[in-house]
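Novice: no sequence on this one, just coordinates:
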């Protein structure tokens, strides 16, 4: 039998309503029952590292908080601000199993090894009066789904006080910063938000001055631009229904200048033409792309259900209509895709559509959300 040393997603376990004691509140006793069941199967000396979100302490019944503190002092628990990156790093570095029902979809970009190691991810199940374990169900997912999961967690933590008042409008910066000079009439990026006041501010990190509202925003899709070599993101920007923007490496009055936004990525965008691509979003929020005579070309990768297909050249002047998970590749170096996030003015917040109704990025998640089988 292979070694079954593991790292435990403690918050995920403590919220699990199908482990005794039966309660809607998180309970530390559930962690004890789970670790006893694992060691009962794989040996009393099996190593279990228990990583927990520090905020769980304040969700526990008052009588269990002292036990939480005691376990942290003794090293039984490793309490961190955000457990997922820590436990996944420990699993990768030491080859540990992962005990959690979380599918870690929002972690797939930062931890691409997850999809190739599905056998190392275990979830519990009820077996009579005890617990058994089986695969947690890690499967490949499209980049759009990863983006949706990332945003769901990021935006819930963002602390916006009035989402519609921020995302429901276009903005301009009246300073003399680089973005104000590039887009004097309307900044083609999502605004940043001052977390203390909820005020929209310039997304230029060297500016951060309050923005001026310049009209209501139409229904929008968020576009993600990333490096093709390592997947690291260059930027995200909203594209409104009925709008068309040019993407290239030049000063574009109504477009995205990849060369002027982040110096860290200049080597990646160097092969992109000055006037490379047109992106257009129709009233049904379908994205179309047209190569406008780029030097090194544009390719389309279609999502085949479980993975992206092989790149196919988009002939100059031709237009490709993209399904949500499809991807464009500019000059073999820069990828463009739609995020899972789209803004609906009727709803007043981004939504993700799909069967069974929309889910929003800004709604506070239920306290037991992380225990659901379809989490991620």
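Specialist: Yep, that arrived. Predicted model only: the values in this text are computed from it and were never measured. Residues are numbered from 1 along each chain as shown.
Novice: give the contact list for residue 46.
Specialist: 3-6, 38-39 (Cβ atoms under 8 Å, 6 or more residues apart in numbering). Yep, even glycine has a C-beta here, placed from its N, CA and C like the rest.
Novice: what about residue 146, distance to residue 94?
Specialist: 25 Å (Cβ to Cβ, to the nearest Å).
Novice: More neighbours: which of the two?
Specialist: residue 146 (23 against 11; other Cβ atoms under 10 Å).
Novice: Could you look up the SS state of the more buried one?
Specialist: Put simply, residue 146 is helix when judged by DSSP: H, G, I helix; E, B strand; the rest coil.
Novice: Spatially nearest residue to it, not counting backbone neighbours?
Specialist: Among residues not flanking residue 146 along the chain, residue 108 sits closest, at 4.8 Å (Cβ to Cβ, 6 or more residues apart in numbering).
Novice: now residue 199
Specialist: residue 210 is the one closest to residue 199 (Cβ to Cβ, 6+ apart), at 5.6 Å.
Novice: Please look at the one you found and residue 201 and confirm they touch.
Specialist: Yes: the criterion here is Cβ atoms under 8 Å, and residue 210 meets it with residue 201 at 5.7 Å.
Novice: Would you mind measuring from the nearest residue to residue 54 once chain neighbours are set aside to residue 71?
Specialist: Residue nearest to residue 54 in three dimensions, not counting chain neighbours: residue 79, with 4.5 Å by Cβ to Cβ, 6+ apart. Distance of residue 79 to residue 71, given as Cβ to Cβ: 9 Å.
Novice: Look up which helix or strand the closest residue to residue 328 other than its chain neighbours falls in, please.
Specialist: The shortest distance from residue 328 to any non-neighbouring residue, by Cβ to Cβ, 6+ apart, is to residue 336 (4.3 Å). Residue 336 is part of strand 334-344, with elements assigned from DSSP states H and E.
Novice: Would you indicate which residues of stretch 280-299 are buried?
Specialist: Buried residues in stretch 280-299, counted by 16 or more other Cβ atoms under 10 Å: 280-281, 285, 287, 289-291, 294, 297-299.
Novice: what's the domain layout of this protein?
Specialist: Domain assignment for the chain by automatic domain parsing gives 6-139, 144-160+218-351, 169-216.
Novice: As JSON lines, those domains with mean pLDDT would be great.
Specialist: Formatted as JSON lines, the domains of the chain follow (pLDDT from 0 to 100):
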{"stretch": "domain 6-139", "mean pLDDT": "94"}
{"stretch": "domain 144-160+218-351", "mean pLDDT": "83"}
{"stretch": "domain 169-216", "mean pLDDT": "88"}
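Novice: Please name the residues that touch the most centrally placed residue in the chain.
Specialist: When Cα atoms, centre = their mean is applied to the chain, the residue found nearest the centroid is residue 150 (1.5 Å). Taking Cβ under 8 Å, 6+ apart as the criterion, residue 150 is in contact with 106, 109.
Novice: doesn't it fall inside a helix?
Specialist: Yes: counting by three-state DSSP, residue 150 is found in a helix.
Novice: so where do the helices sit in this structure?
Specialist: Applying DSSP state H to the chain gives helices spanning 10-14, 28-42, 62-74, 83-94, 143-156, 163-167, 178-182, 266-269.
Novice: Centre of the chain to the longest one, how far?
Specialist: With Cα atoms, centre = their mean, to the nearest Å as the basis, the distance from the averaged C-alpha position of helix 28-42 to the chain average is 31 Å.
Novice: Also compute the angle for it relative to helix 62-74, please.
Specialist: Counting by axes from the mean of the first three to the mean of the last three Cα atoms, to 10 degrees, helix 28-42 lies at 50 degrees to helix 62-74.
Novice: Remind me what helix 28-42 packs against, helices and strands.
Specialist: Using 3 or more Cβ pairs under 8 Å, 6 or more residues apart in numbering; DSSP states H and E, the elements in contact with helix 28-42 are strand 6-9, helix 10-14, strand 48-53, helix 62-74, strand 130-135.
Novice: got these as JSON lines, with mean neighbour count and distance to residue 224 columns?
Specialist: Converted to JSON lines, the helices and strands packed on helix 28-42 look like this (neighbours: other Cβ atoms under 10 Å; distance: least, Cβ to Cβ, whole Å):
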{"stretch": "strand 6-9", "mean neighbour count": "26", "distance to residue 224": "27"}
{"stretch": "helix 10-14", "mean neighbour count": "26", "distance to residue 224": "28"}
{"stretch": "strand 48-53", "mean neighbour count": "22", "distance to residue 224": "27"}
{"stretch": "helix 62-74", "mean neighbour count": "13", "distance to residue 224": "38"}
{"stretch": "strand 130-135", "mean neighbour count": "14", "distance to residue 224": "30"}
